[in-house]
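what shape does this take:
(4 chains)
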Number of protein chains: 2
Amino acid sequence: MQASGRVTIGDVARTAGVSVATVSKVINDRYGVAPETSARVHEVIADLGYESSIVARSLRSRRTNVIGILVAEFEPFSTELLKGISEAVESTGYELLAYSGGLRRDDRVGWEQRYLSRLAGTLIDGAIIVTPTVVNPRNSIPVVAVDPHRGPSGPPTVDSDNLAGARAATEHLVSLGHTRVGFLGGRPDLESARLREQGYRDALADAGIRVDEDLVLVGGYRPDLADTPAHELLRLPERPTAIFAANDLSAIRTIEVARELGLRVPEDLSVVGFDNVPESALTVPPLTTVSQPIHQMGAEALRMVVDLIQGNPRDPHVRLPTELVVRGTTRAL
Amino acid sequence: MQASGRVTIGDVARTAGVSVATVSKVINDRYGVAPETSARVHEVIADLGYESSIVARSLRSRRTNVIGILVAEFEPFSTELLKGISEAVESTGYELLAYSGGLRRDDRVGWEQRYLSRLAGTLIDGAIIVTPTVVNPRNSIPVVAVDPHRGPSGPPTVDSDNLAGARAATEHLVSLGHTRVGFLGGRPDLESARLREQGYRDALADAGIRVDEDLVLVGGYRPDLADTPAHELLRLPERPTAIFAANDLSAIRTIEVARELGLRVPEDLSVVGFDNVPESALTVPPLTTVSQPIHQMGAEALRMVVDLIQGNPRDPHVRLPTELVVRGTTRAL
DNA sequence: ATCGTTGTCGATAACGTTTTCGACACAACC
DNA sequence: GGTTGTGTCGAAAACGTTATCGACAACGAT
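Next up, the predicted model:
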């Protein structure tokens, strides 16, 4: 009978000869419906292939069993995170909804609040926001941020030890004899980018190497935003012999730029990345990088948001260790 | 004033001193509202940080500008696809919503229809379903499937040339002198798995090698489902000297199993995968595999579903080429 | 017989939005 | 001064669901 495709609860009710209220009770296992009635309704539901609309359901009752993952874009980091989250969700009974608006180049700021407003209070019970700039603590639903971590008073956060990782990467280059080490930065509004730069500076300072500010450029964690600074670094009169890029995508782009300029990696230029996304192993030679346990970070974020939803008390900050992975793009000077 | 977190259109209306209808018109640029009123409402919207709820909006009007990507699980293939889709969506004005229910081990069948019923007609304008078993053509919204392709009469589909790819993989092994080549199959309900097995058989037949049915086992595209058949193959009295696994995840698991059994790859066993997901480069040595242009497949799927939504006439079947990528896990006998 | 209890069911009001349509004021026309 | 337009607005219905609460019947206990 269903007029236009969709089978509604009304269709089920009509077919089964009961009211929509009763059908709703059957679906949600509410008390107060006779066994035979329930059986009949179940039968009709199976017959018609009815599935309740998430949308209508969530509009009415503030509970959907869906956790939202809000990302600006599906790039390697956020999809790795997604894999970790997906593995961890299996046993929880929650469903996953990863959302990404079609962002224009210019409104890449403030998307977090916008997405949250559009989905929260209705579609999702909790959210994991990936690399948000600002996250408003006074939200209706629990929110966990991945990346920012501005001290113990900040919002619930999962991140990794960016400072130690960047330090290790830079120390690795220094130990190979590099003294002119360039830094291609990340998104300036992110704490992780700040910490990675800090680790770079700390390591150089410890080694007694003065930081040449010409060698410290700002990128944005995206290949297209790495292009200009990479060119700039590699065209310097006194070219750096090594570059530490703030994430793998930038490092990969740096290698490409180096190739375009006729430089060999690692013979003429050593490159280190950060993240250890699977793509980092695809370059030739494979990229030396700092590994973040991204899957584990995703799993932690999921556990945290579930705990917050269910009201379980817990430490709202998790920081996981990083580790240097030496592969093929670094070499002694 | 907002009582419980969420700012609704009602709050905006009250604050601006107009009706909700007027606010709605302002938001949607409908005709019939005075410029000054519009300006005032816009101001209030900015002040209150109002964002219309996707849920309520989509419940009422059958148009959301959101495209759903329905997956059983966020594993490497579907997330690669997601990246391709995400790149292609930028210019279209659509938003992306990737959905994955928390599937239990046993209800991995029929999830496509279930997800579709829950989201379609309401939340999303069109859907891309990744490796569905059945896809009902009589749906309310346009649906593009990635993977199945049962002839020109099937539903709109994007896939790759599985047959040629599997053929190339097997021929590669044969050309290296392998005659006992095992096949670790994929999800039996998928056309791609069928075709990959067919390509394997064809190549062996062409080479004049009889197919030993003991060497053809069924897996399921997942590491856990590859475990048993991998063990089985490698414990055979007459062990195969090479294994062609129907996807990279299975191939990677096969390598691990081989290691556990004390076999060296590629010295004692050559392994070829299928897909060329980034993870395939992470193994040591990196995996020889058949490359599918997954990003491009995602982009094609997106273009197709957008065309279908907008009613543009187009060929509902796209098949992209595959290519053998020889890396480190294969060696001459 | 009456009363409370228990079990079953359905009307109905929300949830936040869009859309339709009628109300109203005002200007312009004959 | 009536009639017709034109511009602006709001009341109300609708979307598909859940939650509340009252109606009703059957039944056992007084």
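
rest of the way, CA atoms for contacts and neighbours
Noted.

right, is stretch A:48-56 up against DNA strand D?
Yes - with Cα under 7 Å from any atom of the strand as the criterion, DNA strand D is reached by stretch A:48-56 at A:51-53, A:56.

do the same with stretch A:31-43
No - Stretch A:31-43 lies apart from DNA strand D when judged by Cα under 7 Å from any atom of the strand; the minimum separation is 8.2 Å.

and the helix or strand bottoming out on mean pLDDT in chain A, C-alpha only, in PDB?
Lowest by mean pLDDT, DSSP states H and E among the helices and strands of chain A is helix A:111-119, with a mean of 86. C-alpha atoms of helix A:111-119 as PDB (Å, rounded to 0.1, in the frame of the first residue of the first chain):
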ATOM      1  CA  TRP A 111      32.600  24.100  11.200                       C
ATOM      2  CA  GLU A 112      32.800  22.300  14.500                       C
ATOM      3  CA  GLN A 113      30.000  24.300  16.200                       C
ATOM      4  CA  ARG A 114      28.000  24.300  13.000                       C
ATOM      5  CA  TYR A 115      28.100  20.600  12.600                       C
ATOM      6  CA  LEU A 116      27.400  20.100  16.200                       C
ATOM      7  CA  SER A 117      24.400  22.400  16.200                       C
ATOM      8  CA  ARG A 118      23.000  20.600  13.200                       C
ATOM      9  CA  LEU A 119      23.200  17.100  14.600                       C
END
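
elements contacting it?
On a contact count with 3 or more Cα pairs under 8 Å, 6 or more residues apart in numbering or on different chains; DSSP states H and E, helix A:111-119 meets strand A:66-70, helix B:54-60.

DNA strand C: which of the residues of stretch A:48-56 next to DNA strand D is nearest?
Nearest to DNA strand C, judged by Cα to the nearest atom of the strand, of the residues of stretch A:48-56 next to DNA strand D is A:Ala56 at 6.4 Å.

can you tell me how far the spatially closest residue to the closest one that is not a sequence neighbour is from B:Leu116?
Of all residues not flanking A:Ala56 in the chain, B:Leu59 sits nearest, at 6.6 Å (Cα to Cα, 6 or more residues apart in numbering or on different chains). Here the criterion is Cα to Cα, to the nearest Å. By it, B:Leu59 lies 15 Å from B:Leu116.

count the neighbours of the residue lying closest to A:Val7 once chain neighbours are set aside for me.
Nearest non-adjacent residue to A:Val7, counting by Cα to Cα, 6+ apart: A:Tyr50, 5.7 Å away. Neighbour count for A:Tyr50, taken as other Cα atoms under 10 Å in any protein chain shown: 20.

just to be sure, A:Tyr50 is in a strand?
No - with DSSP: H, G, I helix; E, B strand; the rest coil as the criterion, A:Tyr50 is coil rather than part of a strand.

spit out the contact partners of it.
With contact set as Cα atoms under 8 Å, 6 or more residues apart in numbering or on different chains, A:Tyr50 has these partners: A:7-9, A:12, B:117.

for A:Val265, same thing?
Neighbour list for A:Val265: A:255, A:258-259, A:271, A:285, A:329-330 [criterion: Cα under 8 Å, 6+ apart].

name the residues of the stretch 51-200 of chain A found near DNA strand C, please.
Counting by Cα under 7 Å from any atom of the strand, the stretch 51-200 of chain A comes close to DNA strand C at A:56, A:59-60.

and these, which are buried?
Listed as buried from those are A:56, A:59; burial here means 16 or more other Cα atoms under 10 Å in any protein chain shown.

in CSV: the residues of the stretch 51-200 of chain A next to DNA strand C, plus pLDDT and distance to A:Ala46.
Below are those laid out as CSV (pLDDT from 0 to 100; distance: Cα to Cα, whole Å):
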residue, pLDDT, distance to A:Ala46
A:Ala56, 91, 20
A:Leu59, 89, 24
A:Arg60, 88, 24
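
for B:Val318, state which of the residues of the stretch 51-200 of chain A next to DNA strand C is nearest.
Distance to B:Val318, by Cα to Cα, is smallest for A:Ala56 among these, at 35.1 Å.

A:Asp214: neighbour count?
11.

which of the three states applies to it?
When states are read from three-state DSSP, the local structure at A:Asp214 comes out as helix.

right, I'll call it a day here.
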